[in-house]
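1. mind folding the following:
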Amino acid sequence: MAHTAREVLDSAEFRRLVERRWVISLALTAVLFVAYYGFILLVATNKPLLATRLGETITLGIPLGVGVIVVSWVLTAGYVMWANKRYDPEVRRLRDQIR
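-> Residues are numbered from 1 along each chain as shown. Here you go, the predicted structure:
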């Protein structure tokens, strides 16, 4: 059944899709925010902890910093996988309803 663009934009399905995207985006942003600013706060408030040696040349701060970068990659990959599997097909389905 074909709908006008306005009908699709006003539909509950479209609103749910937009809401889901916002929830996912805000959750991933919050996780990244906590990881990044948590690391920055740790640098600012507990330098001796980050200076703890894990080996002859590596300190705890290095793997924690790398961890922040890896977390950002994982979050990005998770979002891309979610978008490809769930979001994009739903957008296509709604777009195909427009006459």
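2. centroid residue for the chain?
-> residue 28 (3.1 Å; C-alpha atoms, centre = their mean).
3. pretty sure residue 60 is touching residue 50, no?
-> Yes - the criterion here is C-beta atoms under 8 Å, and residue 60 meets it with residue 50 at 5.4 Å. Using the backbone N, CA and C atoms, a C-beta is placed for each residue, glycine as well.
4. so residue 34 versus residue 27, what's the distance?
-> Applying C-beta to C-beta, to the nearest Å, the value for residue 34 to residue 27 is 11 Å.
5. low-scoring stretches of this structure, by residue?
-> Scanning the chain with the threshold set as pLDDT under 70 gives 1-2, 99.
6. change it to 80
-> Along the chain, segments meeting pLDDT under 80 span 1-3, 99.
7. returning to that earlier point: setting aside sequence neighbours, what's the nearest residue to the residue nearest to the centre of the chain?
-> Nearest residue to residue 28, sequence neighbours excluded (C-beta to C-beta, 6 or more residues apart in numbering): residue 75, at 4.9 Å.
8. that neighbour contacts residue 27, correct?
-> No - using C-beta under 8 Å, residue 75 makes no contact with residue 27, being 9.4 Å away.
9. perfect, I'm done here.
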